[in-house]
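Enquirer: Structure for the following, please:
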Amino acid sequence: MRKFFLFIFLYIILGGGQAQVNYNPLQEWIDEHSGAYVTLKLSSQEEVQKLLYTYSIERGDIKKIGDQYQVKVWLGQRDLPQFISENLPYEIDEESYLSPALTMATTMGQMSSWNRYPTYGLYLEMMQYYQSQYPNRCVLDTILLQTQLNHTILAAKIGRLDDGVENKPAFFYSATMHGDELCGYVLMLRLMDYMLTNQSNPIVSQILDQVDLYICPLENPDGTFPSNNNSVAGSIRYNAEGLDLNRSYPVAGYSQQPEPSLTEVAAMIDFIDRNQIMMAVNLHGGAELYNYPWDRYTTNQNPHPDRLWWLEIGNRFLDTVRAHSTYYYFTDQGGITNGGDWYVIYGSRLDCFNYYHQCRDATIEISSSKKTPSSYLPTYWNYLYRSLLNYVLEASYGIVGTVTDSLTHAPLEATVLIVAHDIQQTMVNSMLPSGKYHRPVAAGTYSVNFSAPGYHSKTFTVTVNSQTQQVLNVELAPINDAVDHWTLDRSIQLYPNPVKDLLCVRDRSEIVQKKQISIFNNLGAQIYQSDFDSETIEVEVSQHPAGVYYCVIQTETETVVRKFVKFR
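Expert: Down below sits the predicted model:
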């Protein structure tokens with residue numbers, strides 16, 4: 001391995017003693033390769049985290065060696081001015097450009113052993129082939145018709161397309177979001193092939209019956225084929241604009257999603273919404289582990305409300321992988337981690353999908369090498385394909401059913417909320433035209449509230465077992481304005497909001513039955529509970545820290561959730 005050691009000291013600032021680094025070779029390298037991987041040596045985890053806020057770093061490229069941290073950073077033209085201003089000693093990591101044997105395929109026949117990477121033209125041919133060969137099982141969906149480099153981002157929908165069943169739970173696999181993380185590109189094509197050529201396999205048959213499976217093998221074609229559609233050897237991390245797609249999604253945590261700035265990101269969000277994708281996985285390279293939400297928070301800061309479910313399904317994925325691979329595969333971070341516990345990043349797809357779109361998206365790092373040698377691809381497939389199939393079925397488990405109008409029996413689009421649990425946008429909605437809903441959740445007993453505009457809400461106690469469906473069909477009664485003008489949902493007011501000391505909860509509904517008020521913090525811990533039957537109740541909140549809180553008001557027939565902000 002050769003590396004350019006660029007600790008070139010041009011001069012010393014008098015009185016400052018600060019060495020100045022020559023960045024000319026770095027600029028030349030970026031010009032030639034559309035970017036550069038550079039290696040830095042840092043002395044603390046805090047320095048590493050600061051670097052993650054500014055630059056595109058694969059968390060698997062952070063290694064602790066002795067008392068130092070070795071960090072590999074991807075730099076594009078946009079990053080260079082900031083990097084130069086920080087005057088950081090660095091090395092250009094030439095090893096990242098010494099491509100392993102990346103054998104390309106130009107015909108379908110050459111893909112028969114799945115030990116080659118298809119050219120971009122062959123990739124399009126394969127996608128079209130599966131659609132034409134299996135018209136009742138596979139149809140293509142265009143996520144983005146034309147990227148900046150005139151590529152198309154496609155997804156294949158696989159299922160029993162002719163069975164007439166609407167609103168099955170929709171699951172989405174994608175790969176190559178970072179253009180140089182190549183292993184998933186071929187594995188996703190092979191998964192499509194396996195699903196379509198093994199329809200009698202019990203697991204495949206179950207998936208076809210119960211799930212709408214979407215697969216996008218090439219999420220960032222401009223990064224995988226930046227200058228040559230016939231080779232992946234020159235693949236890069238960024239898109240054609242020089243930006244990291246997985247740092248460019250709207251950041252989680254706002255009351256409304258910020259507008260996405262990248263065309264690819266906006267197109268992917270639109271795809272998720274219009275197909276009502278409820279579970280997803282993004283395959284990456286550079287490490288080997290299962291990464292669940294959140295990416296922007298550590299577990300101590302803000303555990304995901306469904307953390308136990310993520311651990312349950314992640315460990316099932318991991319156990320199957322380890323049963324069919326070597327003992328050293330999938331051992332990074334113990335094989336499973338909350339993203340922020342690994343290192344905090346902002347603008348990830350995982351956070352955006354989970355927070356704003358009720359899509360339970362996970363990141364799975366499947367290969368420690370980004371540009372996986374083509375001869376290794378069958379090995380990775382054998383390690384992973386059983387877990388990939390089983391994981392799709394996770395979308396079918398949990399609380400499921402339909403929500404309909406109690407008078408007309410018409411399907412409704414309703415909100416399904418687990419009381420005192422769904423506090424970070426983790427609720428789900430029933431879908432039209434069928435009124436079906438799917439709420440994956442860890443085994444346990446829950447209070448589940450169903451609500452829709454113009455209808456009385458209902459709350460049920462539901463017990464769920466692992467890897468099973470608990471069917472709960474719900475009918476909601478429409479509100480008769482002539483008889484029941486004020487309902488609890490329409491009449492609850494919280495003020496002031498934001499609040500500093502005293503929160504007032506006012507009920508203008510004239511409902512005479514006793515009500516219960518509970519307040520939960522952003523971690524789901526109950527901090528207050530009381531019964532009340534008056535119009536207004538005052539709650540002292542001055543002793544609690546600043547943050548977001550949730551007020552839950554319940555009667556025998558309705559549950560209302562309101563969010564408020566406490567400031568110092």
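Enquirer: Is Pro250 part of a helix or strand, or is it coil?
Expert: Put simply, Pro250 is coil when judged by DSSP: H, G, I helix; E, B strand; the rest coil.
Enquirer: How many residues are close by the nearest residue to it once chain neighbours are set aside?
Expert: Counting by Cβ to Cβ, 6 or more residues apart in numbering, Pro258 is the residue found nearest to Pro250 once chain neighbours are left out, at 4.4 Å. C-beta: built from backbone N, CA, C; applies to glycine. Around Pro258 sit 11 other residues, with neighbours defined as other Cβ atoms under 10 Å.
Enquirer: how much space between Pro258 and Tyr346?
Expert: 12 Å (Cβ to Cβ, to the nearest Å).
Enquirer: Need the residues touching each of the two.
Expert: With contacts defined as Cβ atoms under 8 Å, 6 or more residues apart in numbering, the residues shared by Pro258 and Tyr346 are Val251.
Enquirer: unless I'm mixing things up, Gly159 is touching Gln206, no?
Expert: No - proximity of Gly159 to Gln206 does not meet the contact threshold set by Cβ atoms under 8 Å, at 11.3 Å.
Enquirer: quick one: which of those two has more around it?
Expert: Gly159 (23 against 15).
Enquirer: what sits against the more buried one?
Expert: With contact set as Cβ under 8 Å, 6+ apart, Gly159 has these partners: Arg137, Lys168, Ile207, Leu208, Val211, Asp212, Leu213.
Enquirer: The second one and Val565: what is the separation?
Expert: Meaning Lys168. Lys168 sits 38 Å away from Val565, taking Cβ to Cβ as the criterion.
Enquirer: And those two? Which one has more around it.
Expert: Set side by side, Lys168 and Val565 show more neighbours around Lys168, with 24 against 13, by other Cβ under 10 Å.
Enquirer: and the gap between the more buried one and Asp405?
Expert: For Lys168, the distance to Asp405 under the criterion Cβ to Cβ works out to 22 Å.
Enquirer: Check Tyr329 too.
Expert: The gap separating Tyr329 from Asp405 is 51 Å, by Cβ to Cβ.
Enquirer: now swap in Thr555 and tell me
Expert: Counting by Cβ to Cβ, the gap between Thr555 and Asp405 amounts to 21 Å.
Enquirer: before we move on, back to that, out of the contacts of Gly159, which is nearest to Tyr120?
Expert: For the contacts of Gly159, the residue nearest Tyr120 by Cβ to Cβ is Leu213; the value is 23.5 Å.
Enquirer: Narrow the contacts of Gly159 to those in helices?
Expert: Per DSSP state H, helices hold the following members of the contacts of Gly159: Ile207, Leu208.
Enquirer: Nearest residue to Gly334 in space, please, no chain neighbours.
Expert: Counting by Cβ to Cβ, 6+ apart, the nearest residue to Gly334 once its immediate chain neighbours are dropped is Leu289, at 7.8 Å.
Enquirer: and if you look at Asp306?
Expert: The spatially closest residue to Asp306, leaving aside those adjacent along the chain, is Thr426, at 5.9 Å (Cβ to Cβ, 6+ apart).
Enquirer: just His421 next, same as before
Expert: Pro305 (5.5 Å).
Enquirer: Now do the contacts for the one you found.
Expert: Residues counted as contacts of Pro305 (Cβ under 8 Å, 6+ apart) are His421, Asp422, Ile423, Gln424, Thr426, Gly524.
Enquirer: give the contact list for the fourth one.
Expert: Listed by Cβ under 8 Å, 6+ apart, the contact partners of Gln424 are Asn302, His304, Pro305, Tyr355, Asn522.
Enquirer: farthest pair in the residues you listed?
Expert: Most distant of those, by Cβ to Cβ, are Tyr355 and Asn522, 12.7 Å apart.
Enquirer: which one of the two has more residues nearby?
Expert: Applying other Cβ under 10 Å to Tyr355 and Asn522 shows that Tyr355 carries more neighbours, namely 24 against 17.
Enquirer: right, and the helix or strand after the strand or helix carrying that one?
Expert: In this structure, Tyr355 is located in helix 349-356 according to DSSP states H and E. For helix 349-356, the following helix or strand on the C-terminal side (DSSP H and E) is strand 360-367.
Enquirer: Pairing partners for that following strand, with directions?
Expert: When sheet partners are counted by DSSP bridges, strand 360-367 sits next to strand 277-284 (parallel), strand 287-292 (antiparallel).
Enquirer: which outside residues touch the last one?
Expert: In this case it means strand 287-292. Applying Cβ under 8 Å, 6+ apart, the contact partners of strand 287-292 are 58-60, 304, 307, 310-311, 314, 317-318, 329-339, 342, 350, 362-368.
Enquirer: repeat that for 6 Å
Expert: Around strand 287-292, the neighbours that count as contacts under Cβ atoms under 6 Å, 6 or more residues apart in numbering are 60, 310, 314, 317-318, 330, 332-333, 335-337, 339, 362-365, 368.
Enquirer: Narrow these to just the buried residues.
Expert: With neighbours counted by 16 or more other Cβ atoms under 10 Å, the contacts of strand 287-292 contain buried members at 60, 310, 314, 317-318, 330, 332-333, 335-337, 339, 362-365, 368.
Enquirer: In ChimeraX, select just the buried ones from the contacts of Pro305.
Expert: The ChimeraX command for the buried members of the contacts of Pro305 (criterion: 16+ other Cβ under 10 Å) is given here:
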select :421,422,423,424,426
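Enquirer: and of the contacts of Pro305, the nearest to Tyr549?
Expert: Tyr549 has its nearest neighbour among the contacts of Pro305 in Ile423, at 9.1 Å by Cβ to Cβ.
Enquirer: Which pLDDT value does the model give the nearest residue in space to that closest one that is not next to it in sequence?
Expert: Nearest in space to Ile423, with sequence neighbours left out and distances taken as Cβ to Cβ, 6+ apart, is Tyr550 at 5.1 Å. Model confidence at Tyr550, expressed as pLDDT, equals 82.
Enquirer: what's the neighbour count on Tyr550?
Expert: Summarising burial for Tyr550: neighbours were counted as other Cβ under 10 Å, giving 20.
Enquirer: about what we covered before: from Tyr249, how far out is the residue nearest to Pro250?
Expert: From Pro258 over to Tyr249 the distance is 9 Å, taken as Cβ to Cβ.
Enquirer: With Ile57 instead?
Expert: Remark: distance between Ile57 and Tyr249 (Cβ to Cβ) = 16 Å.
Enquirer: Now do the contacts for the residue minimising distance to the centre of the chain.
Expert: Residue closest to the mean C-alpha point of the chain, counted by Cα atoms, centre = their mean, is Leu350 at 2.2 Å. Contacts for Leu350 were tallied using Cβ under 6 Å, 6+ apart; they are Pro293, Asp295, Asp361, Thr363.
Enquirer: repeat that for 7 Å
Expert: Contacts of Leu350 were listed using Cβ atoms under 7 Å, 6 or more residues apart in numbering, and they are Asn282, Pro293, Asp295, Gly339, Asp361, Ala362, Thr363.
Enquirer: Now do the same for the closest residue to Val73 other than its chain neighbours: its pLDDT.
Expert: Taking Cβ to Cβ, 6+ apart, and ignoring the residues beside it in sequence, Val73 has Tyr55 as its nearest neighbour in space, at 4.9 Å. Tyr55 is assigned a pLDDT of 90 by the prediction.
Enquirer: tally of neighbours for Tyr55?
Expert: When neighbours are counted by other Cβ under 10 Å, Tyr55 registers 20.
Enquirer: Just name the shakiest helix or strand of this protein by mean pLDDT.
Expert: For the chain, counting by mean pLDDT, DSSP states H and E, strand 9-12 ranks last in confidence among helices and strands (a mean of 32).
Enquirer: Do I have it right that Ala280 meets Phe172?
Expert: Yes - judged on Cβ atoms under 7 Å, Ala280 makes contact with Phe172 at a distance of 4.1 Å.
Enquirer: And for Leu417, the neighbour number?
Expert: That count, for Leu417 with other Cβ under 10 Å as the rule, works out to 24.
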